[in-house]
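In: Provided below for reference: sequence and predicted model.
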Amino acid sequence: MENRRVMKKRAKRVIYPGTFDPITNGHLDIIKRAADLFDEIVVAVAKSSEKGPMFSHTQRLTMAEAACEEMQNVTVEGFSNLLVDFCRQKDAAIIIRGLRAVSDFEYELQMGYANASLAPEIETVYLMPSLENAFISSSVVRAILKHDASCAHLLPPRVNKIIEESIKCI
């Protein structure tokens, strides 16, 4: 019973982690849904250098901040430690994850169980994006960008502008 009381108290702040390489309309859909359910959302941009992201950590933070800047209860922070340690640092007892398709489920389930084994007091809550955003992924966006095609319809307008400006500089 004690754990439930702590969780109730701490469930006001939740963490939505990801590499966000780049942040897409699908991510923004999940963020908006979470913002309607919880008091405070921390969009946690993982450094994830081992994944070899297309955009630098600083660029990904800038894009996430631009995408979320009009949402009052959403903040953006970077992290490079274990997710459960970041959650503890932020006094958050819930991790938000998005599920688009069955293909996401196995990976997300493994990650949820791994996090639970490290921090049983932290819950993972899965949200589905709307049908119109269900197919959008950062990998699809990166593939389109590598072929110099427009992916404006898949990105928040401010993020698309940042990407277009960064491509002009290359």
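Out: Arrived safely.

In: and Ala101, what does it touch?
Out: Ala134 (C-beta atoms under 8 Å, 6 or more residues apart in numbering). Every C-beta, even on glycine, is put in place using the N, C-alpha and C of the backbone.

In: show the pLDDT at it.
Out: Looking at Ala101, its pLDDT stands at 79.

In: same question for the one 10 residues further on.
Out: Met111 is assigned 93 on the pLDDT scale.

In: go on, Ile167?
Out: The model's pLDDT for Ile167 equals 73.

In: can you check Arg142 too?
Out: 94.

In: wait, doesn't it sit right on Thr24?
Out: No: with contact defined as C-beta atoms under 8 Å, Arg142 does not count as touching Thr24 (10.2 Å).

In: out of those two, which sits in the busier spot?
Out: Taking other C-beta atoms under 10 Å, Arg142 and Thr24 do not tie; Thr24 has more neighbours (25 against 16).

In: give me the neighbour count for Lys146.
Out: 9.

In: make sure Val14 is indeed in a helix.
Out: No: if the criterion is DSSP: H, G, I helix; E, B strand; the rest coil, then Val14 is strand and not within a helix.

In: now the closest residue in space to it that isn't next to it in sequence: phi and psi?
Out: Distances taken as C-beta to C-beta, 6 or more residues apart in numbering place Ile94 nearest to Val14, at 4.2 Å, with adjacent residues excluded. The phi/psi pair for Ile94 (degrees, to the nearest 10) reads phi -130, psi 130.

In: how many other residues sit next to Ile94?
Out: 21.

In: could you do Lys47 as well?
Out: 16.

In: now swap in the one 10 residues further on and tell me
Out: Applying other C-beta under 10 Å, we find 19 other residues in the vicinity of His57.

In: dihedrals phi and psi, it?
Out: phi -60, psi -40.

In: state the distance from it to Asn133.
Out: 24 Å (C-beta to C-beta, to the nearest Å).

In: tell me if I'm right that Ile94 and Glu40 touch.
Out: No: assessed by C-beta under 8 Å, Ile94 is found out of contact with Glu40, at 10.8 Å.

In: what do these two both touch?
Out: Counting by C-beta under 8 Å, 6+ apart, the residues touching both Ile94 and Glu40 are Val14.

In: dump the longest helix along the chain to CSV, keeping only the CA atoms.
Out: Using DSSP state H, we find that the single longest helix of the chain is helix 102-118. The C-alpha trace of helix 102-118 is given here as CSV (Å, rounded to 0.1, in the frame of the first residue of the first chain):
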residue,chain,number,x,y,z
VAL,A,102,2.7,-5.1,-33.5
SER,A,103,6.3,-4.7,-34.6
ASP,A,104,6.9,-2.2,-31.8
PHE,A,105,5.4,-4.4,-29.2
GLU,A,106,8.1,-7.0,-28.7
TYR,A,107,10.9,-4.4,-28.4
GLU,A,108,8.8,-2.2,-26.0
LEU,A,109,7.8,-5.1,-23.9
GLN,A,110,11.5,-6.2,-23.5
MET,A,111,12.5,-2.6,-22.6
GLY,A,112,9.5,-2.3,-20.1
TYR,A,113,10.5,-5.5,-18.4
ALA,A,114,14.2,-4.5,-18.3
ASN,A,115,13.3,-1.2,-16.7
ALA,A,116,11.0,-2.9,-14.2
SER,A,117,13.8,-5.3,-13.2
LEU,A,118,16.0,-2.3,-12.5
